[in-house]
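Undergrad: need a 3D model of the following:
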Amino acid sequence: MPDVTKTAPAPAPEDAKAPIADPSAVVKGEKARSLWGDAWRDLRSNWYFIISSVLIVILLVMAVFPGLFTSASPTTSDLVHHYLGKPELSKVGSAGWLGYDGQGHSVYARVIYGTRASITVGVCVTVLVTLFGGLVGMLAGYFGGWVDALLSGFFTNVFLGIPFLLGAMVVLQAFTDRTIWVVIFALAFLGWTQIARVMRGAVIVIKQSDYVQAARALGAGTNRILFRHILPNAMAPVIVVATISLGVYISAEATLSYLGLGLADPTISWGMDISDGASQIRVAQHILLYPSIMLSITVLAFIMLGEAVRNALDPKSR
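TA: Just a heads-up that it's a prediction; the model follows:
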């Protein structure tokens, strides 16, 4: 009979011995979270994000529906309450909570209604600079060569060399009727350069990725590569910069209005009220105090939101 020898079973490969990191994920068939999924999970547990989001929601509701917060008119004058700053002396309800200015306007009503102009300017300018600056940066970073030299090396650098507030003042001087849309145009005209540079840098890195090279090898067109593969992955740093810049644009509008070069009557603006309060600071400090507090809270809320988004999208920056 032939000699039959028993052979030891072959050792299991190391991969088979390795424990499953998360067996429930295999059983349930869960998909791996994307960058945005991980970012949302981190944001939900970030107190910066929670506090800033609550404040921003309140400010947005205040801007859209100011009548929910006060029944007083911000343009109604009553010289009987001239410079009245003590709320307890007023017997006319919420209109006198924060006192009155030199024309007898309710400071509380003007603070509430002033939210609309600031939020509108900040949001609209941010949207415009993100769209235009993002497009310029994406084209410059993707095509490179003379396109990059023209858009980034010349066009962007020319606008980048113009001081932001000084340039906005010069632009606004050309208009006799400085409405809210004129101020938005002036700020957006000079504020897109930072977004363009951030987008350009992100696109230059992403276009060298394997999945972009694979899409190009499979015959994908330029539009598909730009808007399907590059743009979604390049938006993270742009969103961070845009969120933080929104607060900067709100403060820029208030600064221009304070200097008398921004919004004008009949538009109600915190910057205009701060300017009026600064001229009467010795006799009525409350006119300056409350618009300044609201402006600071609004800018701080958007900066906190931007910091929370930055930490969620880029954990290495913590």
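Undergrad: what about residue 174, how many residues nearby?
TA: If you count neighbours by other CB atoms under 10 Å, residue 174 ends up with 9. To be clear about C-beta, it is placed using only N, CA and C from the backbone, and glycine gets the same treatment.
Undergrad: got the phi and psi for it?
TA: phi -80, psi -10 (degrees, to the nearest 10).
Undergrad: residue 106 touches residue 72, doesn't it?
TA: Yes: using CB atoms under 8 Å, residue 106 is in contact with residue 72, at 4.6 Å.
Undergrad: more neighbours, these two?
TA: residue 106 (30 against 21).
Undergrad: where along the stretch 51-200 of the chain do the helices fall?
TA: Along the stretch 51-200 of the chain, counting by DSSP state H, counting those that start in this stretch, helices occupy 107-143, 145-148, 157-160, 164-173, 180-191, 193-206.
Undergrad: what comes up buried for the fourth one?
TA: Burial within helix 164-173, assessed by neighbour count using 16 or more other CB atoms under 10 Å, is assigned to 164, 167, 168, 169, 171, 172.
Undergrad: in CSV: the residues you listed, plus distance to residue 121.
TA: Below are the buried residues of helix 164-173 laid out as CSV (distance: CB to CB, whole Å):
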residue, distance to residue 121
164, 14
167, 16
168, 11
169, 15
171, 14
172, 13
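Undergrad: and the helices of the stretch 51-200 of the chain: which comes nearest residue 280?
TA: Closest to residue 280 of these is helix 107-143 (CB to CB; 11.8 Å).
Undergrad: tell me the angle the closest one makes with helix 193-206.
TA: Going by axes from the mean of the first three to the mean of the last three CA atoms, to 10 degrees, helix 107-143 is angled at 40 degrees with respect to helix 193-206.
Undergrad: for helix 107-143, packing partners?
TA: When contacts are defined as 3 or more CB pairs under 8 Å, 6 or more residues apart in numbering; DSSP states H and E, helix 107-143 sits against helix 47-64, helix 145-148, helix 180-191, helix 193-206, helix 231-258, helix 270-279, helix 285-313.
Undergrad: nearest to residue 117, out of the ones you listed?
TA: Across those, residue 117 has its closest neighbour in helix 180-191 (6.0 Å, CB to CB).
Undergrad: how about the CA coordinates for the closest one, as PDB?
TA: Listed in PDB are the C-alpha atoms of helix 180-191, where the atom choice follows Å, rounded to 0.1, in the frame of the first residue of the first chain:
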ATOM      1  CA  ILE A 180     -28.000  98.500  -0.700                       C
ATOM      2  CA  TRP A 181     -27.300  97.000  -4.100                       C
ATOM      3  CA  VAL A 182     -24.700  99.600  -4.900                       C
ATOM      4  CA  VAL A 183     -22.800  98.800  -1.600                       C
ATOM      5  CA  ILE A 184     -23.100  95.100  -2.500                       C
ATOM      6  CA  PHE A 185     -21.600  95.700  -5.900                       C
ATOM      7  CA  ALA A 186     -18.700  97.800  -4.500                       C
ATOM      8  CA  LEU A 187     -17.700  95.200  -1.900                       C
ATOM      9  CA  ALA A 188     -18.100  92.300  -4.400                       C
ATOM     10  CA  PHE A 189     -16.100  94.100  -7.000                       C
ATOM     11  CA  LEU A 190     -13.000  94.100  -4.800                       C
ATOM     12  CA  GLY A 191     -13.600  91.100  -2.500                       C
END
